[in-house]
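Trainee: Make a model of this:
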Amino acid sequence: MNIDKAVVSFAGTMVLIGLVLAQIFSPYWLLLTAFIGLNLLQAGITGFCPLAKILRALGVKPGNAFK
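Mentor: Below you'll find the predicted structure:
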């Protein structure tokens, strides 16, 4: 798995977790989903992704999107 796939998989997982937590506990968990969406938008515009930096430091091989 490369950094690109890991970032997208992590973001999708976090969105689903946020939706489940919002359904079960409180609608305020939708703020997590909004934060992930804003972070994805920011990464798409600027090319900077904090998770990609962390994964690179952990030795995950790079992909095409986040270098």
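
Trainee: report the longest helix in this protein, please.
Mentor: helix 3-24 (DSSP state H).

Trainee: Can you point out the buried residues in that helix?
Mentor: 3-4, 6-7, 11, 14-15, 18, 21-22 (16 or more other Cβ atoms under 10 Å). C-beta coordinates here come from the backbone N, C-alpha and C atoms, glycine included.

Trainee: Return the distance of that helix from the chain's centre.
Mentor: The gap between where helix 3-24 is centred and where its chain is centred comes out at 7 Å by Cα atoms, centre = their mean, to the nearest Å.

Trainee: how about the CA coordinates for it, as CSV?
Mentor: C-alpha atoms of helix 3-24 as CSV (Å, rounded to 0.1, in the frame of the first residue of the first chain):
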residue,chain,number,x,y,z
ILE,A,3,0.7,6.8,0.9
ASP,A,4,-2.1,7.8,-1.5
LYS,A,5,-4.1,4.7,-0.9
ALA,A,6,-3.5,4.9,2.9
VAL,A,7,-4.6,8.5,3.1
VAL,A,8,-7.8,7.9,1.1
SER,A,9,-8.5,4.7,3.1
PHE,A,10,-8.0,6.4,6.4
ALA,A,11,-10.2,9.4,5.5
GLY,A,12,-13.0,7.1,4.3
THR,A,13,-12.8,5.1,7.5
MET,A,14,-12.8,8.2,9.7
VAL,A,15,-15.9,9.6,7.8
LEU,A,16,-17.8,6.3,8.3
ILE,A,17,-16.8,6.2,12.0
GLY,A,18,-18.0,9.8,12.4
LEU,A,19,-21.3,9.0,10.8
VAL,A,20,-21.8,5.9,13.0
LEU,A,21,-20.9,7.9,16.2
ALA,A,22,-23.3,10.7,15.1
GLN,A,23,-26.1,8.2,14.6
ILE,A,24,-25.5,6.4,17.9
